[in-house]
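**Q** I'd like to go over a predicted model; first the sequence, then the structure.
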Amino acid sequence: MGVYEELVARGLIAQVTDEKEIRELVNSGKAVFYIGFDPTADSLHVGHFMALCLMKRLQMAGNKPIALIGGGTAMIGDPSGRTDMRQMMTKETIQHNVDCFKEQMSKFIDFSDGKAMLVNNADWLLDLNYVELLREVGACFSVNRMLTAECYKQRMERGLSFLEFNYMIMQSYDFYALYQRYGCNMQFGGDDQWSNMLGGTELIRRKLGKDAYAMTINLLLNSEGKKMGKTQSGAVWLSAEKTSPYDFYQYWRNVDDADVVKCLKMLTFLPLEEIEELAKLEGSEINKAKEILAYELTNLIHGKEEADKAQEAARALFGSKQNTDNMPSTQLSDDDFTDGSVAILDLLSKCGLIPSKKEGRRLIEQGGISVDDEKITDVYATVAKDAFGKGHVIIKKGKKTFHKAVL
């Protein structure tokens with residue numbers, strides 16, 4: 001089975017411009033492909049994970065990936081999947097995020113010996129002269145055709161700024177520039193980028209008379225059709241500082257039964273034969289597949305040591321004897337206490353267990369918060385400093401989230 005056929009079998013491929021050519025390039029290791037990442041935060045998240053996995057799979061088959069950091073396009077903002085305009089970022093914030101992306105990608109993709117490239121589209125986009133750009137590529141785009149793109153159609157009712165309208169041209173120009181600079185012959189991306197990707201292949205054809213190809217991968221959706229990678233407290237990040245390895249492990253350990261096999265196929269590098277055997281598990285045995293999924297993904301992102309610690313901590317927490325050694329923890333100081341106690345909502349916020357106090361009140365009212373196995377029912381409850389006699393208290397959120405507050 002070639003790598004293209006494996007991508008199909010794993011349910012990754014959504015749309016392609018020319019299946020025969022793409023299959024031949026990918027299977028023969030001759031694809032020079034790029035995937036774009038706009039630095040809208042200081043960490044990659046689970047939404048980027050699928051793209052990173054695809055890059056790694058294709059690189060292992062001899063193809064050359066180009067990770068394109070959108071330092072230039074981030075100045076505009078992608079309207080895809082948005083109902084409102086993205087907040088404008090400063091150049092300094094964008095550069096900081098670019099640096100964070102580079103560090104994270106280098107842990108996942110092999111950039112040594114020319115096996116991959118990491119480039120920033122700010123290198124060419126920010127130096128463009130507007131009038132020259134209009135003359136060079138403006139005639140290659142039909143406004144009528146652009147407005148039929150899904151990423152624009154969904155915004156037309158609420159208003160689409162001219163700033164965002166240019167995003168498709170910028171992304172298309174990226175492909176055009178990468179083709180000329182590095183011989184990039186393919187672009188891969190999420191299925192919501194299809195229109196932008198077609199704009200790039202068309203620009204290359206019209207300006208250079210050459211063929212270039214595009215392939216989209218399916219978005220990671222759960223069984224309800226919603227994007228995966230979100231929790232009550234926000235996105236699931238690949239940065240250990242933003243989402244701890246334990247919380248990352250627990251996210252995958254707790255996916256719905258209906259989503260386990262899909263995630264194993266799309267995100268792990270386990271052989272398909274092994275995944276098919278795991279797919280036969282039923283009832284409580286499915287937890288074995290969930291544990292394998294969580295361990296494999298945590299190992300990929302955070303390494304074996306952190307994956308081992310996360311697995312050990314999870315098993316200890318949910319076993320017959322609770323072990324708190326590797327439990328996620330937050331250090332408190334005397335400043336966190338007022339008159340010898342700390343408000344439960346302040347404690348939950350300090351530990352990063354709630355995105356807002358409104359959410360904290362909801363959890364408490366629904367019986368979802370316990371401290372040292374004592375259920376909290378009063379949103380104005382406090383935890384006395386005396387409760388930290390053993391050096392910590394254990395906070396439980398819901399049925400599966402544990403956190404140690406240490407004094």
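**A** Alright, I've got the coordinates. Numbers count the residues shown, from 1 in each chain.

**Q** got the domain boundaries for this protein?
**A** Listed domain ranges for the chain are 3-217, 230-318, 329-406 (source: automatic domain parsing).

**Q** among those domains, which is nearest Ser223?
**A** With C-beta to C-beta, the closest approach to Ser223 among those belongs to domain 230-318: 3.9 Å. C-betas here are computed from N, CA, C, even on glycine.

**Q** average pLDDT across the closest one?
**A** For domain 230-318, the mean pLDDT works out to 89.

**Q** same deal with stretch 29-41?
**A** 92.

**Q** buried ones in it?
**A** For stretch 29-41, the buried set under the neighbour-count rule, 16 or more other C-beta atoms under 10 Å, comprises 31-41.

**Q** so, low pLDDT: which residues of the chain?
**A** 76-88, 144, 146-159, 162-164, 231-234, 317-326 (pLDDT under 70).

**Q** for the residue in it sticking out farthest from the centre, give its distance to Lys385.
**A** Using C-alpha atoms, centre = their mean, the residue of the chain lying farthest from its centre is Asp339. It sits 42.2 Å away. Going from Asp339 to Lys385 by C-beta to C-beta, to the nearest Å gives 10 Å.

**Q** ok so, going back, now the residue farthest from the centre of the chain, what are its backbone angles?
**A** When quoted as degrees, to the nearest 10, the phi and psi of Asp339 stand at phi 50, psi 40.

**Q** next one: Thr17
**A** With angles defined as degrees, to the nearest 10, Thr17 shows backbone torsions of phi -80, psi -30.

**Q** show me what contacts it?
**A** For Thr17, the set of contacting residues under the criterion of C-beta atoms under 8 Å, 6 or more residues apart in numbering consists of 198, 201, 213-215.

**Q** and the closest residue to Asn254 other than its chain neighbours, how many neighbours does it have?
**A** Distances taken as C-beta to C-beta, 6 or more residues apart in numbering place Lys400 nearest to Asn254, at 5.7 Å, with adjacent residues excluded. Number of residues near Lys400 (other C-beta atoms under 10 Å) recorded here: 12.

**Q** out of the contacts of Thr17, who's nearest Phe49?
**A** Of all the contacts of Thr17, the one with the least separation from Phe49 (C-beta to C-beta) is Met215, at 17.7 Å.

**Q** tell me the secondary structure at that closest one.
**A** Reducing the assignment at Met215 to three states with DSSP: H, G, I helix; E, B strand; the rest coil gives strand.

**Q** neighbours around the nearest residue to it once chain neighbours are set aside, how many?
**A** With C-beta to C-beta, 6+ apart as the criterion, Met215 has its nearest non-adjacent residue at 4.6 Å, and that residue is Val16. Applying other C-beta under 10 Å, we find 17 residues neighbouring Val16.

**Q** so the closest residue to Met117 other than its chain neighbours bridges to which residues?
**A** Distances taken as C-beta to C-beta, 6+ apart put Ile66 closest to Met117, at 4.6 Å, once the chain neighbours are dropped. With DSSP bridges applied, Ile66 shows beta-bridge pairing to Tyr34, Met117.

**Q** tell me the strands in the stretch 151-300 of the chain, going along the chain?
**A** Counting by DSSP state E, counting those that start in this stretch, one finds strands in the stretch 151-300 of the chain at the ranges 186-190, 213-217, 230-231, 234-235.

**Q** scratch that, the stretch 301-407 of the chain
**A** In the stretch 301-407 of the chain, the strands defined using DSSP E, counting those that start in this stretch lie at 329-331, 341-343, 369-371, 374-375, 382-384, 392-397, 401-406.
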